[in-house]
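Asks: fold the following and give me the result.
(one chain, ligands or ions: 3)
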Amino acid sequence: MTVARSADTDMPVLAVDDLRVSFKTPHGLVHAVNGVSYVIRPGDAVGILGESGSGKSVSAGAVMGLLDSPPAEVTGAIRYRDVNLSNEVSGIRGDRIAMVFQDAITALNPGLTVGYQIGEIFRVHRPGTSWQEATEKAIGLMDQVKIPSARQRVKSYPHEFSGGMSQRIMIAMAIALSPDVLIADEPTTALDVTVQAQIMQLLAELRRDTGMALILITHDIGVVAEATDRVMVMYGGRIVERGSTVDIVAHPAHPYTEGLMNSVPRAEMKHERLHTIKGAPPVMTTIPSGCAFHPRCARRKPVCEGERPELRNVMPGRESACHFAAEVVDG
Ligand SMILES: Nc1ncnc2c1ncn2[C@@H]1O[C@H](COP(=O)(O)OP(=O)(O)O)[C@@H](O)[C@H]1O
Ligand code: SF4
Ligand SMILES: [Mg+2]
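Replies: Numbering: from 1, shown residues only. Ligands and ions are numbered 1, 2, ... in the order given. Prediction:
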């Protein structure tokens with residue numbers, strides 16, 4: 001595939017503008033993503049943080065063109081460099097923009113060797129690649145994601161690998177074509193803590209070595225804090241706060257983010273009860289009026305129920321969608 005590369009290295013590799021996704025269901029229209037816009041530049045490490053059901057995976061699925069329509073209805077613009085992907089035929093998805101999912105073991109085909117599954121990517125996306133070349137590339141990638149004895153294991157089947165090793169194979173498949181953007185959706189959630197750390201380390205190394213941008217989707221603040229430079233916090237299918245990760249972790253400017261931070265056990269607080277945000281995330285068929293967070297917000301005032309706060313700059317490099325962001329920052 002040939003896509004003109006811009007000499008402007010600061011040109012976004014991915015630009016999402018007013019993305020909206022709804023699903024027609026027997027229970028009504030599910031408003032999963034409600035106007036999400038963002039820009040990813042080469043080499044960025046950006047987190048998408050939020051509780052379960054906030055629209056993280058659906059927004060990523062829309063970017064990757066993975067949602068079946070119907071039931072999904074997707075609107076908005078998605079661009080890779082200067083190519084509009086909304087009606088794409090260019091094969092950019094899966095090639096220049098790749099994705100890793102939570103459940104590696106079920107994503108692999110149990111009946112095919114891992115070498116075949118990795119090699120097939122080259123056979124499909126780089127026509128003319130021989131099986132021998134594809135197998136050599138598969139071995140190279142297995143080495144790159146640090147699977148021991150790659151040459152011996154290239155003919156093994158998925159069940160012969162642990163969960164962590166399977167996730168490494170999924171990462172190998174995702175980076176096979178040297179994408180500019182890797183979207184990792186809860187890549188370590190199914191793994192135990194030690195293996196989680198190893199996979200996060202691998203993703204950080206790959207990003208450093210290849211220069212690809214990483215979008216890391218997670219509900220885990222620890223993972224975001226460790227692996228990203230910027231973070232976008234999602235609630236009710238919208239971005240409610242974004243900015244630099246260190247700044248947001250230290251001084252949230254949205255009560256929802258504040259609640260997420262307070263729910264993290266800190267070493268010095270280990271004898272205190274873990275504080276969780278009261279109430280449940282919104283039901284996406286009937287998202288609350290005004291600020292979607294108002295039923296759970298300890299800082300709400302009457303205006304919050306009637307007027308939806310837009311995402312706006314509240315200090316340099318920081319946007320928050322809260323009417324009282326300044327008060328939140330002041331503590
Ligand atoms: N295929 C679907 N049909 C109907 N609703 C869906 C579908 N996929 C996701 N949803 C709903 O969209 C909302 C956002 O889901 P999702 O993006 O998966 O959340 P998360 O932030 O946990 O990744 C949820 O309310 C979910 O139930
Ligand atoms: S706008 Fe109001 S309800 Fe929403 S987060 Fe801010 S204070 Fe809370
Ligand atoms: Mg998800």
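
Asks: up against ligand 1, what does the stretch 1-150 of the chain have?
Replies: Residues of the stretch 1-150 of the chain found near ligand 1 (CB under 6 Å from any ligand atom) are 23, 25, 30, 32, 50, 52-58, 71. (Glycine included, C-beta is placed from N, CA and C.)

Asks: residues touching the residue nearest to Val58 when sequence neighbours are not counted, list them.
Replies: Leaving aside its sequence neighbours, Val58 sits nearest to Ala32 (CB to CB, 6 or more residues apart in numbering; 4.2 Å). Ala32 is in contact with 21-23, 55, 58-59, 237, 284, counting by CB atoms under 8 Å, 6 or more residues apart in numbering.

Asks: look up how far ligand 3 lies from Ala32.
Replies: 10 Å (CB to the ion, to the nearest Å).

Asks: a helix runs through that residue, doesn't it?
Replies: No: per DSSP: H, G, I helix; E, B strand; the rest coil, Ala32 lies outside any helix segment and is strand.

Asks: pLDDT score for it?
Replies: According to the prediction, Ala32 has pLDDT 97.

Asks: do the same with Phe161
Replies: 94.

Asks: can you tell me the closest non-neighbouring residue to it?
Replies: Of all residues not flanking Phe161 in the chain, Ile169 sits nearest, at 6.6 Å (CB to CB, 6+ apart).

Asks: so who does the one you found touch?
Replies: For Ile169, counting by CB under 8 Å, 6+ apart, the contacting residues are 104, 108, 114, 117-118, 142, 145, 147, 158, 161.

Asks: at 7 Å what do you get?
Replies: Listed by CB atoms under 7 Å, 6 or more residues apart in numbering, the contact partners of Ile169 are 104, 108, 114, 161.

Asks: which ones among the contacts of Ala32 map onto strands?
Replies: 21-23 (DSSP state E).

Asks: most neighbours, which of the residues you listed?
Replies: Greatest neighbour count in the ones in strands among the contacts of Ala32, by other CB atoms under 10 Å, goes to Val21: 23 neighbours.

Asks: wait, it touches Ala62, no?
Replies: Yes: here Val21 reaches Ala62: they are 5.2 Å apart, a contact under CB atoms under 7 Å.

Asks: identify the contacts common to the two.
Replies: By CB under 7 Å, 6+ apart, the residues touching both Val21 and Ala62 are 33, 74.

Asks: quick one: contacts for the residue in the stretch 51-200 of the chain that ligand 3 sits nearest to?
Replies: Nearest residue of the stretch 51-200 of the chain to ligand 3, counting by CB to the ion: Ser57, 3.2 Å away. Applying CB under 7 Å, 6+ apart to Ser57 gives the contacts 185, 217.

Asks: check Met165 too.
Replies: Neighbour list for Met165: Ile147 [criterion: CB under 7 Å, 6+ apart].

Asks: quick one, phi psi at it?
Replies: Main-chain dihedrals, Met165, degrees, to the nearest 10: phi -70, psi -40.

Asks: from Lys56, how far off is it?
Replies: Distance of Met165 to Lys56, computed by CB to CB, to the nearest Å: 26 Å.

Asks: returning to what we had before: so the residue nearest to Phe161 is in which element?
Replies: helix 163-175 (DSSP states H and E).

Asks: what's the spacing between that helix and its chain's center?
Replies: 16 Å (CA atoms, centre = their mean, to the nearest Å).

Asks: can you name the element that comes right after it?
Replies: Immediately after helix 163-175, counting by DSSP H and E, sits strand 181-185.

Asks: who does that next one touch, helix- and strand-wise?
Replies: helix 56-64, strand 97-100, strand 213-218 (3 or more CB pairs under 7 Å, 6 or more residues apart in numbering; DSSP states H and E).

Asks: for those, could you give me a markdown table that also reports mean pLDDT and distance to Glu205?
Replies: Shown next, in a markdown table, are the helices and strands packed on strand 181-185 (pLDDT from 0 to 100; distance: least, CB to CB, whole Å):
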| stretch | mean pLDDT | distance to Glu205 |
| --- | --- | --- |
| helix 56-64 | 96 | 22 |
| strand 97-100 | 94 | 15 |
| strand 213-218 | 97 | 11 |
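
Asks: nearest to ligand 2, out of those?
Replies: Nearest to ligand 2, of all the helices and strands packed on strand 181-185, is helix 56-64, at 18.9 Å by CB to the nearest ligand atom.

Asks: can you list the strands that the next helix or strand after the closest one pairs with?
Replies: Downstream of helix 56-64, the next assigned helix or strand under DSSP H and E is strand 72-80. Using DSSP bridges, the strands paired with strand 72-80 in its sheet are strand 14-25 (antiparallel), strand 83-84 (antiparallel).

Asks: average pLDDT for the shortest one?
Replies: Averaged across strand 83-84, pLDDT comes to 90.
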